[in-house]
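Trainee: From the sequence below, what's the structure:
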Amino acid sequence: MRGARPEAPDRASMDLRHRIAGITLCFGSDDERVALLQSRRYRRMLVDAGSIADVNAFAVCRTDDPYVVVDDEIVHCCRNDAAGERGFTPELIEGRAMLEVNRRIFARRPELVVCHAGTMVLGGKAVVVAGPSRAGKSTLMLALMLAVRGVRMLSDEFALVNIDKGTVEAFPRLLSARPGTRRHLGLNVLHLVWDAFDPAGILVESWADKAPIGEVFVLAGHDGSTRVRRLGEAEAMLALLPNVMGAEHGLAILDKVEAALKGAAVYELIAGPPQEAAATVLEIVQQRA
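Mentor: Numbers count the residues shown, from 1 in each chain. As a prediction, the model looks like this:
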């Protein structure tokens, strides 16, 4: 493989089983590093090897165009990498492959609306921070963890909103933090494995299974100071829509997004310094009726 993978791929690894959103996945790869990274990141979802798989996936890495086979479908998961990279690291392949696998897992749960978002439980309700990749979701989530005690984590990757129950379900994939984020928040004093670390007992009290939906903050950029604005129903749906998995299907998903936001207060957030943005979020949550 070209670029950032000069060493030979390790031996194949397969038959790792995880229960994701209630669906059992059997995952393998022709590169053991990819399989091991996936097993570490999804450690909290690991199930017994004898569990019957609902979805089977295998990541093929020994090629200049890595792909993942999900059941009988071949998905070239790295072809449209936004960075335009051709040096496919195990981290990039695992992330892109599992994004496609998770997309197909979530499709088996039609009652879910899945947003690219971090979410945690504050005051008994789920607080959702939505935004595209590299928008600062993880930075704000980490700032919130540092700002308040007693937080319970739901996800740093996806918000799984069950529209039948009005709850946000857990997606307990372990967290990762980029060097710049760690440096900015002063986290480098913690000697953690930053590509897959469990915040439970360190930065948060524990992981939660689910919680009623409370507030949704849609990240809309960065500035020198934090600004927040509550959105009306129509504006809230349109603001959240680009962060919803399946939004490429167009307006057909709007009814589900409307149902997902029922009972939630939705805000547009332009984030200033992370600590300031976290304080703004906490102030709004503390004023909850």
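Trainee: for the helix or strand hosting residue 215, packing partners?
Mentor: In the assignment (DSSP states H and E), residue 215 maps to strand 210-222. Applying 3 or more CB pairs under 8 Å, 6 or more residues apart in numbering; DSSP states H and E, one finds that strand 210-222 contacts strand 112-122, strand 125-130, helix 137-147, strand 152-155, strand 167-169, helix 233-240, strand 265-271, helix 274-286. In this view, the C-beta of every residue, glycine as well, is placed from N, C-alpha and C.
Trainee: partners of that strand, with directions?
Mentor: Strand 210-222 has the following sheet partners, assigned by DSSP bridges: strand 125-130 (parallel), strand 167-169 (antiparallel), strand 265-271 (parallel).
Trainee: Could you dump the helices and strands packed on strand 210-222 into a markdown table and include mean pLDDT and distance to residue 258?
Mentor: A markdown table is the format used below for those (pLDDT from 0 to 100; distance: least, CB to CB, whole Å):
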| stretch | mean pLDDT | distance to residue 258 |
| --- | --- | --- |
| strand 112-122 | 97 | 10 |
| strand 125-130 | 98 | 15 |
| helix 137-147 | 94 | 23 |
| strand 152-155 | 98 | 22 |
| strand 167-169 | 99 | 16 |
| helix 233-240 | 95 | 6 |
| strand 265-271 | 97 | 11 |
| helix 274-286 | 96 | 22 |
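Trainee: right, so of the ones you listed, which gets closest to residue 62?
Mentor: Among the helices and strands packed on strand 210-222, the nearest to residue 62 by CB to CB is strand 112-122 (29.5 Å).
Trainee: For the closest one, list the C-alpha coordinates in CSV.
Mentor: The C-alpha trace of strand 112-122 is given here as CSV (Å, rounded to 0.1, in the frame of the first residue of the first chain):
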residue,chain,number,x,y,z
LEU,A,112,-33.8,5.9,14.7
VAL,A,113,-32.8,9.4,13.5
VAL,A,114,-29.0,9.4,13.6
CYS,A,115,-27.1,12.7,13.8
HIS,A,116,-23.4,13.3,13.6
ALA,A,117,-23.2,14.6,17.2
GLY,A,118,-21.8,14.2,20.6
THR,A,119,-24.2,13.6,23.4
MET,A,120,-24.2,13.4,27.2
VAL,A,121,-26.6,13.3,30.0
LEU,A,122,-26.9,16.5,32.1
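Trainee: tally of neighbours for the nearest residue to residue 193 once chain neighbours are set aside?
Mentor: Leaving aside its sequence neighbours, residue 193 sits nearest to residue 40 (CB to CB, 6 or more residues apart in numbering; 7.8 Å). For residue 40, the neighbour count with other CB atoms under 10 Å is 16.
Trainee: same question, the one 4 residues further on
Mentor: Residue 44: 16 surrounding residues under other CB under 10 Å.
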